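J.: What would the 3D arrangement of this be:
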Amino acid sequence: MDRKISAIGIMLLIITITVVEGVLFLFPYEPKNPPKADDSGSTQEGIQNVVNANNQFAFDLYSELSKTERGNIFFSPYSIFSAIAMTYEGARGQTADEIKSVFHFPEISILRSNFAAIYNSINRKTDAYELKTGNALWVQQDYPLLESYISIVEQYYGGKAVNLDFIKETEESRQTINSFIEEQTNGKIKDLIPPGYLDSMTRLILTNAIYFKGTWTWEFDKSETREEDFKITPTQVVKVPMMYMKPDEAVFNYADLGELQILELPYKGEEISMLILLPTENLDAIESSLTAEKLNEWRSKMQETKLDEIYLPKFKIDAKYFLKNALSAMGMPTIFSPGKADLSGMSGNRELFVGFVIHQAHIEVNEEGTEAAAATAVGVELTAITPRTVFRADHPFIFIVQQKNTGNILFLGRVVNPLN
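T.: Residues are numbered from 1 along each chain as shown. Okay, here's the model as predicted:
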């Protein structure tokens with residue numbers, strides 16, 4: 001009897017292993033272990049050029065989204081930048097020119113190795129926090145993408161390719177991609193590609209995912225969190241869980257510029273931080289002047305400061321954007337136009353165009369720290385004025401999660417109502 005049970009157990013184990021291996025075989029790599037990219041030609045100047053491009057795009061897209069989004073905003077400019085950079089490698093002519101203009105890409109010889117350096121720095125292993133990113137190409141199994149294109153994307157972007165069957169197994173392919181993204185983001189980004197977005201004309205899906213989890217260098221005491229007023233507008237007030245800190249020994253990078261206060265809250269490891277831009281009165285005035293250059297100017301005025309009190313609301317944002325219209329309005333409509341798009345660097349002909357760009361993001365900020373994740377899919381188809389040094393974020397503000405040494409913006413958002 002024992003032998004029979006043992007045999008059944010071994011058979012079940014073999015079946016389980018086979019199923020797991022079958023799933024992993026459909027993935028380009030183990031989701032939590034992205035491959036390294038070739039950064040051998042990178043320089044500090046080149047890295048900064050790519051960072052500047054990413055950051056300028058971040059504020060350009062923020063401005064475009066704020067035209068239609070009245071509430072909270074949250075996205076990862078780095079994730080979108082990554083997915084489109086891989087797409088750009090296959091673009092030619094006017095299509096490439098428009099992408100380069102919208103994303104402020106430097107010359108391709110500068111972009112490649114320096115993007116790789118940033119990608120590798122994000123994936124650098126550390127015990128202080130968790131931060132990782134990964135790219136992938138999901139290719140129709142019988143579609144002949146150029147080997148040169150696949151090789152470049154893998155070499156400089158870590159974007160390994162895997163074959164799926166969008167024609168005969170459309171839904172299964174969608175679920176495979178979504179499962180991979182979910183694994184990459186520790187379950188925070190689910191169902192990135194909705195039903196109906198893939199069909200028999202889909203030939204390539206390019207994806208990026210990024211995940212961050214860090215604890216504050218100086219954590220907020222949960223026992224000090226209280227329900228307090230948050231002024232959405234001067235006349236609209238809601239009660240929110242407001243975190244509180246009375247720093248005894250800590251000093252923070254801080255500036256009071258009159259029109260706004262800027263506070264940097266570091267995460268353990270001192271390599272990632274959150275910048276909070278808190279306007280004195282009107283958020284609109286700050287948003288209208290927000291550029292990468294302006295942010296650098298404001299950063300330069302920050303100094304280590306002993307703050308008497310810090311107030312910051314707990315908040316959680318889940319956002320999803322279908323970016324075709326926004327990117328078109330920003331200056332790259334051709335890539336979305338069948339017959340006009342030129343992605344011949346992918347296939348050797350001009351039969352491909354981008355049907356959709358989907359971006360989904362999640363962030364939760366609490367007393368311990370921050371957990372944030374985002375993913376992007378590109379579908380390629382055929383034809384308060386405060387006295388003293390008090391920081392009280394009790395009205396709408398902008399926040400940025402950045403790499404401290406370069407200022408590379410990983411996540412960018414706006415809190416209008418912490419409860420939504």
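
J.: Could you give the separation of stretch 163-183 from the chain centroid?
T.: Offset of stretch 163-183 from its chain centre (C-alpha atoms, centre = their mean, to the nearest Å): 21 Å.

J.: Please apply the same query to stretch 43-50.
T.: Centre-to-centre, stretch 43-50 and its host chain are 20 Å apart (C-alpha atoms, centre = their mean).

J.: now this protein, which segments are flagged as low pLDDT?
T.: 1-25, 384-388 (pLDDT under 70).

J.: Show me the helices in the protein, by range?
T.: With DSSP state H as the criterion, the chain has helices at 2-26, 44-66, 77-88, 93-103, 108-122, 147-157, 170-184, 283-288, 292-300, 324-330, 344-347.

J.: Can you work out which other helices and strands pack against the second one?
T.: Taking 3 or more C-beta pairs under 8 Å, 6 or more residues apart in numbering; DSSP states H and E as contact, the helices and strands that helix 44-66 lies on are strand 73-75, helix 77-88, helix 93-103, helix 108-122, helix 283-288, helix 292-300, helix 324-330, strand 408-415. Where you see a C-beta, it was placed from the backbone N, CA and C, and this is true even at glycine.

J.: And those: which comes nearest residue 343?
T.: Smallest distance to residue 343 across those (C-beta to C-beta): 6.7 Å, for helix 93-103.

J.: and the angle for the closest one with helix 44-66?
T.: Angle of helix 93-103 versus helix 44-66, following axes from the mean of the first three to the mean of the last three C-alpha atoms, to 10 degrees, is 90 degrees.

J.: quick one: buried residues of helix 93-103?
T.: 95-96, 98-100, 102-103 (16 or more other C-beta atoms under 10 Å).

J.: tell me what it is packed against?
T.: When contacts are defined as 3+ C-beta pairs under 8 Å, 6+ apart, helix 93-103 packs onto helix 44-66, helix 77-88.

J.: Now tabulate those helices in TSV and tack on mean neighbour count and distance to residue 171.
T.: TSV is the format used below for the helices and strands packed on helix 93-103 (neighbours: other C-beta atoms under 10 Å; distance: least, C-beta to C-beta, whole Å):
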stretch	mean neighbour count	distance to residue 171
helix 44-66	20	30
helix 77-88	26	22
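
J.: Let me know how buried residue 292 is, in neighbour terms.
T.: Neighbourhood size, residue 292 [other C-beta atoms under 10 Å]: 20.

J.: could you redo the buried residues of helix 93-103 as TSV and give each row distance to residue 111?
T.: As requested, those are exported to TSV (distance: C-beta to C-beta, whole Å):
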residue	distance to residue 111
95	16
96	12
98	16
99	11
100	9
102	14
103	10
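
J.: quick one, what contacts residue 380?
T.: By C-beta atoms under 8 Å, 6 or more residues apart in numbering, the contact set of residue 380 is 87, 202-206, 343, 346, 352-355.

J.: picking up where we left off before, and of the helices of the chain, who's closest to residue 314?
T.: Residue 314 lies closest to helix 283-288 among the helices of the chain, at 19.6 Å (C-beta to C-beta).

J.: OK, contacts around residue 119?
T.: Residue 119 touches 37, 39, 82, 133, 135, 157-158, counting by C-beta under 8 Å, 6+ apart.

J.: and these, which of them are in strands?
T.: Judged by DSSP state E, strands contain the following of the contacts of residue 119: 133, 135.

J.: Would you format the contacts of residue 119 as JSON lines with distance to residue 27 included?
T.: Shown next, in JSON lines, are these (distance: C-beta to C-beta, whole Å):
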{"residue": "37", "distance to residue 27": "18"}
{"residue": "39", "distance to residue 27": "24"}
{"residue": "82", "distance to residue 27": "18"}
{"residue": "133", "distance to residue 27": "16"}
{"residue": "135", "distance to residue 27": "13"}
{"residue": "157", "distance to residue 27": "17"}
{"residue": "158", "distance to residue 27": "14"}
